[in-house]
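S.K.: fold the stuff below for me.
(one chain, ligands or ions: 1)
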Amino acid sequence: MSQPTIEVSGLRKRFGTTQALDGMSFTVPPGRVTGFVGPNGAGKSTTIRVILGLDTPDEGHALVGGVRYKRLHRPLRHVGALVDAAALQPSRTGRNHLLWLARSQNMSARRVDEVIDLVGLAGAARRKAGGFSLGMRQRLGIAAAMLGDPPALILDEPFNGMDPEGIIWIRHLLRSLAAEGRAVLVSSHLMGELQDTADQVVVVGRGRVLADAPVAELVARASSDQVLLRTPEPSEAAGALHRAGLRATVTDQNTVVIAGAAAQRIVAVLSQAGVSFSEVTTQRATLEDVYLQLTGGETEYRAAAGRERQW
Ligand SMILES: Nc1ncnc2c1ncn2[C@@H]1O[C@H](COP(=O)(O)OP(=O)(O)OP(=O)(O)O)[C@@H](O)[C@H]1O
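M.R.: Sure, this is the predicted structure:
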């Protein structure tokens, strides 16, 4: 396996009586989008600030390409970050904001125009940033993060303020940046967006990692896959399924719930037994379900996404 591009190891950080980080450890490998999620106060921003050398941990360390941020020469060439998109000088144009950043790191005006094109701000870059919508500020922030063409990117809540078109754009951008071999760490409280975007998800709570796994594995781990069967002959259906070794429960006069079996197998058993049915639906856990299971009552976030899949 290649060396992780961002490495967070045993971070502990206390603010007064608050233990913000309590042994936070994870790695962000190249070529993948790693989601970083957790409820308010879980320690995401503090972790990101430590990675970027903006906060000092009481214990542990964070490395970018094997080196502490503060020891990086021209850090924008090693790691790009979108941390607070709202923090802009309002009287400066978007392009001048980027030019100012580029100059501080010895980068050309040509690179500034390249990243403006990359984020789709060519039409607005010469306007004052004070008039930018939050979505435009996010794009400008991403342009700034990309200035140094870095192998690692950290984006804190990049979906905030984006319209649906912007969300689709950012998903594609993150996927293509990872496909180019970059390590991409993206924080979000919108799990649905990560399900379509991240390869790996690090779920955090109370300053430490609760789960760190590929999206598909997380969903499978939490999934209590159940198949819901609608049939005019529930007793006959349950009998046939029991004889085939499946766990089937009649829940009302035309419904049977089967746990731990694929819909195809259920259809095959019923067809062979000559039992009629009108609907077979697999109910599957989503990333939102996993998130709520892992973080328990620590969050007010509630999923609105549909969770049924018709078979
Ligand atoms: N500078 C600070 N002074 C005091 N407490 C702080 C400071 N920064 C963070 N904290 C506290 O540390 C804990 C972790 O905060 P952090 O901002 O890292 O969480 P988060 O997961 O990013 O949350 P959010 O999603 O709300 O941004 C919280 O209880 C927060 O109040």
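S.K.: what packs against the helix or strand encompassing residue 48?
M.R.: Using DSSP states H and E, residue 48 sits in helix 44-51. Helices and strands touching helix 44-51, as assessed by 3 or more C-beta pairs under 8 Å, 6 or more residues apart in numbering; DSSP states H and E, comprise strand 6-15, strand 18-28, strand 32-37, strand 59-64, strand 152-156, strand 183-187. (Glycine included, C-beta is placed from N, CA and C.)
S.K.: and it with the ligand, contact?
M.R.: Yes. Legend: contact between helix 44-51 and the ligand by C-beta under 6 Å from any ligand atom is shown at 44-46.
S.K.: which of those residues tops the neighbour count?
M.R.: The most neighbours of any of those, using other C-beta atoms under 10 Å, belong to residue 44, which has 23 neighbours.
S.K.: grab the nearest non-local neighbour of residue 240.
M.R.: Distances taken as C-beta to C-beta, 6 or more residues apart in numbering place residue 273 nearest to residue 240, at 3.6 Å, with adjacent residues excluded.
S.K.: hang on, the one you found packs against residue 236?
M.R.: Yes. The criterion here is C-beta atoms under 8 Å, and residue 273 meets it with residue 236 at 7.3 Å.
S.K.: per-residue pLDDT, residue 81?
M.R.: We have a pLDDT of 93 for residue 81.
S.K.: following the helix or strand hosting it, which helix or strand shows up next?
M.R.: Assigned by DSSP H and E, residue 81 belongs to strand 79-82. Sequence-wise, the next helix or strand downstream of strand 79-82 (DSSP H and E) is helix 94-104.
S.K.: picking that back up, list the contacts of the residue nearest to residue 240.
M.R.: 236-237, 240, 243 (C-beta atoms under 8 Å, 6 or more residues apart in numbering).
S.K.: list the contacts of stretch 201-220.
M.R.: Under C-beta under 8 Å, 6+ apart, the answer for stretch 201-220 is 12-13, 19-26, 34-39, 42-44, 46-47, 194-195, 198-200, 221, 284-287, 290-291, 294-296, 298.
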